[in-house]
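Visitor: Structural data only, the sequence is not supplied:
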């Protein structure tokens, strides 16, 4: 019993470390308007600055997605925290656009080092009987951390001094505390391999994972694409179309989507993995429809509803996808397979977001958003129909 209690405590503590790292990746969201005033760049540049983060994540996952399987979880996570600290320093020193690119790239490197390794670490620290709860802790730490970032930055930048600096100073303190926690937590990889075994890898999957991975990855792609647009473009839409320029409110709007995702993930325990994926696709489709209405009629209430409904759909689909893929993966390749899932998910954050930024010039925010919604609706509908015809087995 004492062992179970220690395992649960370690699981929750590692989840808190995971959340701190992920919060750092969304801290700039409510601050982009201030940076635009400071450095004078366009909405397209905002989306490129945002997407640099995703390229950093994907690069790490492809080049070192299996690093924690070989070197151990803690060394890789400590390296991720070092990148997060360096990112915060770049934003603290930002005096030109180049600092923002560097900060976002380092933030992406930190998230890339954390996503697969931290998810596996949280699951491994938990007692065996708490496997389902550990999956929720891992995914909730990911999405909850992403939601806390814009909320923290919005409140501090609106109501505290030094709006472009205090947020990142606070995050540096949290990163230091997280590093201390990691040094206290145990290592879970028993047989470590030399650093030479960490090599660039193509996104590959064991045979037993492939049938599960395809539809799960599509659902993750659309969910992350929706979050990418919320995080990068919605502050401009709220300011320009709805005349909401309070950064705390903007941060809350964005955070709602991530917190709703956590609620959707919690519902998977009752819905079941087999049903959560197609249901998540259907709810994501409803969230996209509400976002289209918000863009078309410029209604703040529909923005809130689209964040809540889309977030729940993303949470259902994401945790269902992660549970199915992790459950089907062999233990010695679990972190690498999870990293491959995140490669697809973060491609959803980068490519569609840049597409929206390109279209803003000729079509405006509304037109670009509606084109994005139409494309994502086709994808998520196809994935949902496939999952209805060939559902993931509940015991996967």
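Guide: Noted; the coordinates are in hand. What you see is a predicted model; the values in this text were computed from it and never measured. Residues are numbered from 1 along each chain as shown.

Visitor: ok, now how distant is residue 278 from residue 271?
Guide: 10 Å (C-beta to C-beta, to the nearest Å). No exception for glycine: its C-beta is placed from N, CA and C like everyone else's.

Visitor: If I look at residue 150, what pLDDT would I see?
Guide: Note on residue 150: pLDDT of 96.

Visitor: Against which helices or strands is the helix or strand harbouring it packed?
Guide: Using DSSP states H and E, residue 150 sits in helix 131-159. If you count contacts as 3 or more C-beta pairs under 8 Å, 6 or more residues apart in numbering; DSSP states H and E, helix 131-159 packs onto helix 2-26, helix 97-125, helix 166-184, helix 247-271, helix 300-328.

Visitor: Any idea which of the ones you listed gets closest to residue 55?
Guide: Among the helices and strands packed on helix 131-159, the nearest to residue 55 by C-beta to C-beta is helix 97-125 (6.4 Å).

Visitor: chain center to that closest one, what's the gap?
Guide: Taking C-alpha atoms, centre = their mean, to the nearest Å, one finds helix 97-125 lying 10 Å from the centre of the chain it belongs to.

Visitor: helices or strands up against the helix or strand hosting residue 235?
Guide: Using DSSP H and E, residue 235 falls within helix 234-240. In terms of contacts (3+ C-beta pairs under 8 Å, 6+ apart), helix 234-240 is packed against helix 32-39, helix 247-271, helix 300-328, helix 334-389.

Visitor: So which residues make contact with it?
Guide: 29-30, 32-33, 43, 46, 244-245, 249-250, 253-254, 295, 300, 303, 365, 369 (C-beta atoms under 8 Å, 6 or more residues apart in numbering).

Visitor: TSV for the helices and strands packed on helix 234-240, including distance to residue 76 and mean neighbour count?
Guide: As requested, the helices and strands packed on helix 234-240 are arranged in TSV below (distance: least, C-beta to C-beta, whole Å; neighbours: other C-beta atoms under 10 Å):
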stretch	distance to residue 76	mean neighbour count
helix 32-39	30	17
helix 247-271	24	23
helix 300-328	18	25
helix 334-389	9	20
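
Visitor: need those helices in CSV with mean pLDDT, can you?
Guide: Formatted as CSV, the helices and strands packed on helix 234-240 follow (pLDDT from 0 to 100):
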stretch, mean pLDDT
helix 32-39, 92
helix 247-271, 91
helix 300-328, 89
helix 334-389, 88
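
Visitor: what's the closest of those to residue 223?
Guide: Across the helices and strands packed on helix 234-240, closest to residue 223 is helix 300-328 (C-beta to C-beta), at 3.4 Å.

Visitor: okay, residue 394: pLDDT?
Guide: Predicted confidence (pLDDT) for residue 394: 47.

Visitor: distance of the nearest residue to residue 160 once chain neighbours are set aside from residue 45?
Guide: Nearest-residue entry for residue 160: residue 166, 5.4 Å, with adjacent residues in sequence omitted and distances by C-beta to C-beta, 6 or more residues apart in numbering. As judged by C-beta to C-beta, residue 166 and residue 45 stand 24 Å apart.

Visitor: same thing with residue 381?
Guide: 32 Å.

Visitor: still on that earlier bit, nearest to residue 141, out of the helices and strands packed on helix 131-159?
Guide: helix 2-26 (3.9 Å).

Visitor: What residues of that closest one count as buried?
Guide: Across helix 2-26, burial judged by 16 or more other C-beta atoms under 10 Å covers 7-8, 10-26.

Visitor: next one: stretch 112-119
Guide: For stretch 112-119, by 16+ other C-beta under 10 Å, it's 112, 113, 114, 115, 116, 117, 118, 119.

Visitor: do the same with stretch 125-136
Guide: Applying 16+ other C-beta under 10 Å to stretch 125-136 flags 125, 126, 127, 130, 133, 134, 135, 136 as buried.

Visitor: so the first one touches residue 11, yeah?
Guide: The one in question is residue 125. Yes. With contact defined as C-beta atoms under 8 Å, residue 125 reaches residue 11; the gap is 4.6 Å.

Visitor: what residues do the two have in common as contacts?
Guide: By C-beta under 8 Å, 6+ apart, the residues touching both residue 125 and residue 11 are residue 134.

Visitor: Contact partners for residue 216?
Guide: Residue 216 neighbours (C-beta under 8 Å, 6+ apart): 277, 320, 321, 322, 324, 325, 341, 392.

Visitor: now residue 96: how far from residue 162?
Guide: Separation of residue 96 from residue 162 (C-beta to C-beta): 18 Å.

Visitor: ugh, typo on my part, it should be residue 11
Guide: Computed as C-beta to C-beta, the residue 11 to residue 162 distance reads 36 Å.

Visitor: now residue 364
Guide: 34 Å.

Visitor: Then residue 138?
Guide: Distance from residue 138 to residue 162, by C-beta to C-beta: 34 Å.

Visitor: Quick check on residue 96: phi, psi?
Guide: Main-chain torsions, residue 96, degrees, to the nearest 10: phi -160, psi 170.

Visitor: Perfect, that will be all.
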